[in-house]
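Student: okay, predicted coordinates and the sequence, questions at the end:
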Amino acid sequence: TAVLESESIQGLSGVKPMGYRKRSSSTEENTYSLEAIVRQLNAFHGVMCDQGLDPEIIQQVFKQLFYMINAVALNNLLLRRDVCSWSTGMQLRFNISQLEEWLRGKNLHQSGAAETMEPLIQAAQLLQLKKKTSEDAEAICSLCTSLTTQQIVKILNLYTPVNEFEERVTVSFIRNIQ
């Protein structure tokens, strides 16, 4: 939830799809933040290093942790209309880049952990892309290779405009994707 809802980019907070309000209380906000994820990752890394775990095992652990972060965030995205918007796509990509930076900082970029986040990265890009013409549909299909057609269609069906300048994705465009 923190990867989807943590608002690290200034100016995007408060930009929610029309008809939706922020759905967290102050305690929930503190629990689910990107900083909390990073603190937990640091704690795990510190314990493993202090215990003298083999670097290969540490890499496998973080690859699995990042796989789980990806899976939970992607599943949440596929279930919640209130997070399927352009601004969430921007925020999501920024939050993922923060996690990738953490991997580089801990010298874990060779572990394959960042690659496990590819479906979530592509979902974030899908939320940001234009969704009007057949050329847009072709671009989406060529870009979103880690997502299934059903996942792409689900995200497009859930896509909710954040302001009057955006439009819902048309049924004909979704058929074109299929």
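Tutor: That came through, no problem. Numbering: from 1, shown residues only.
Student: worst-scoring helix or strand of the chain, pLDDT-wise?
Tutor: Here the helix or strand of the chain ranked lowest by mean pLDDT, DSSP states H and E is helix 26-31, holding a mean of 44.
Student: next secondary structure after that one?
Tutor: Sequence-wise, the next helix or strand downstream of helix 26-31 (DSSP states H and E) is helix 34-50.
Student: show me what that following helix is in contact with.
Tutor: Helix 34-50 is contacted by residues 2-3, 6, 8, 30, 57-58, 61-62, 65, 69, 95, 98-99, 102, 106 when judged by CB atoms under 8 Å, 6 or more residues apart in numbering. C-betas here are computed from N, CA, C, even on glycine.
Student: where does confidence bottom out across the residues you listed?
Tutor: Of all these, Asn30 carries the smallest pLDDT score, 42.
Student: host element of Glu100?
Tutor: helix 86-105.
Student: which helices and strands sit right next to that helix?
Tutor: helix 2-5, helix 34-50, helix 55-79, helix 118-128 (3 or more CB pairs under 8 Å, 6 or more residues apart in numbering; DSSP states H and E).
Student: dump these to a markdown table, plus mean neighbour count.
Tutor: Listed next are these as a markdown table, based on neighbours: other CB atoms under 10 Å:
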| stretch | mean neighbour count |
| --- | --- |
| helix 2-5 | 22 |
| helix 34-50 | 14 |
| helix 55-79 | 17 |
| helix 118-128 | 21 |
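Student: output those in JSON lines, with distance to Ser134 appended to each entry.
Tutor: Formatted as JSON lines, the helices and strands packed on helix 86-105 follow (distance: least, CB to CB, whole Å):
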{"stretch": "helix 2-5", "distance to Ser134": "30"}
{"stretch": "helix 34-50", "distance to Ser134": "37"}
{"stretch": "helix 55-79", "distance to Ser134": "25"}
{"stretch": "helix 118-128", "distance to Ser134": "16"}
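Student: quick revisit: which of the contacts of helix 34-50 lies closest to Ala139?
Tutor: Asn95 (23.6 Å; CB to CB).
Student: got a list of what that closest one touches?
Tutor: Ala2, Val3, Leu4, Ser6, Ser8, Leu34.
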